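Undergrad: model this:
(one chain, ligands or ions: 2)
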Amino acid sequence: MRQALTVNHISAAYGKADVLSDVNITIEPGRITCLLGANGAGKSTLIKVLLGLLKPHTGEIFFEGENITGLQPHEIIGRGIACIPEGRRIFPKMTVEENLYMGAYQEPSNEKIREKMLEVYTLFPRLQERRAQLAGTMSGGEQAMVSIGRGLMHSPQLLIIDEPSLGLSPALVSDNFRIIRRICEAGTSVFLVEQNVRQTLAISSYGYVLSQGRIVAHGEARALRDDVAVKEAYFG
Ligand SMILES: Nc1ncnc2c1ncn2[C@@H]1O[C@H](COP(=O)(O)OP(=O)(O)OP(=O)(O)O)[C@@H](O)[C@H]1O
Ligand SMILES: [Mg+2]
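TA: Ligands and ions are numbered 1, 2, ... in the order given. Okay, here's the model as predicted:
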């Protein structure tokens, strides 16, 4: 099968502290691939490496067959990778609509921007209702919608999402995960980084488990649900 993104033998560190050791991951197109791991496992660090924000000391990353290791973050984003960072970093003093515009800063055509905006509003009618509200005054769940919507504004081939369920009620997690699934069904590959094991495996096709910087288990999401290594990675 064609691969959207492959991570080959990536190791990375902050100064002398090793955080990722020989990580190998394949993200197939048109599916949700998840990365599960407890606090401090190295999940966000791997995302930094994928986006070119942290240089790995070994290993390579290929996106749609091309080696993107060592490219600048804006070049990587320009190739069609979008990331919704941890903690939903929205622009609180801008309106919902202005936040969405910020996601399309690389798109020169106003017509395309309007088209994307309509798509986002179709996925999230709540955002359309509140388009003129300052994003910082939206509820936590609504802010999560703003950040997902912003990530979709530049029509990425691959959307990386770092812990979208953090701090949300179970009902809102379900809503947002349903939307992530629809995004994938509409043709965007998704790399979903999470700690919420049960709900994440329920919407993913394939999963990896990261523990102390190493992949300790991987497989079809259905099989991972019963995997001992998954439980150990969380409960020691
Ligand atoms: N800029 C940094 N400088 C030094 N150490 C860092 C830095 N960022 C992260 N770390 C360390 O690297 C390790 C992995 O952190 P990372 O943020 O990748 O974990 P995570 O799996 O995303 O955790 P969480 O689920 O809590 O977000 C942690 O021990 C963290 O303290
Ligand atoms: Mg993190």
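Undergrad: Quick check: residues of this structure near ligand 2?
TA: Listed as neighbours of ligand 2 in the chain under the rule CB under 5 Å from the ion: 43-44, 86. Placement of C-beta: from N, CA and C, glycine included.
Undergrad: Just the buried ones out of those residues, please.
TA: Neighbour counting with 16 or more other CB atoms under 10 Å marks 43-44 as buried within the residues of the chain next to ligand 2.
Undergrad: Sort out for me which of the residues of the chain next to ligand 2 are in helices.
TA: 43-44 (DSSP state H).
Undergrad: Please enumerate the strands of this structure.
TA: For the chain, applying DSSP state E gives strands covering 5-14, 17-27, 32-36, 58-63, 66-67, 81-84, 158-162, 189-194, 206-211, 214-220.
Undergrad: Where among those is average confidence lowest?
TA: Here the strands of the chain differ in mean pLDDT, and the lowest is strand 81-84 at a mean of 91.
Undergrad: quick revisit: now flag whichever of the residues of the chain next to ligand 2 is closest to residue 207.
TA: Closest to residue 207 out of the residues of the chain next to ligand 2 is residue 43 (12.4 Å), distances taken as CB to CB.
Undergrad: From ligand 1, how far out is that closest one?
TA: 3 Å (CB to the nearest ligand atom, to the nearest Å).
Undergrad: okay, now the domains of this protein?
TA: What automatic domain parsing lists as the domains of the chain is 1-80+158-236, 88-155.
Undergrad: low-scoring stretches of this protein, by residue?
TA: 1-2, 228-229, 232-236 (pLDDT under 70).
Undergrad: let's go with 80 and repeat that
TA: 1-3, 87-88, 106, 226-236 (pLDDT under 80).
Undergrad: In it, which residue sits closest to ligand 2?
TA: Nearest residue of the chain to ligand 2, counting by CB to the ion: residue 44, 3.1 Å away.
Undergrad: show me the contacts for that residue.
TA: Contacts here follow CB atoms under 8 Å, 6 or more residues apart in numbering; on that basis residue 44 touches 86, 162, 193.
Undergrad: Now do the helices in the chain.
TA: For the chain, the helices defined by DSSP H cover 43-50, 73-78, 96-102, 110-123, 125-129, 140-152, 170-185, 197-203, 221-224, 228-235.
Undergrad: can I get the ones you listed in TSV with distance to residue 6?
TA: Shown next, in TSV, are the helices of the chain (distance: least, CB to CB, whole Å):
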stretch	distance to residue 6
helix 43-50	11
helix 73-78	14
helix 96-102	30
helix 110-123	28
helix 125-129	34
helix 140-152	22
helix 170-185	19
helix 197-203	21
helix 221-224	19
helix 228-235	22
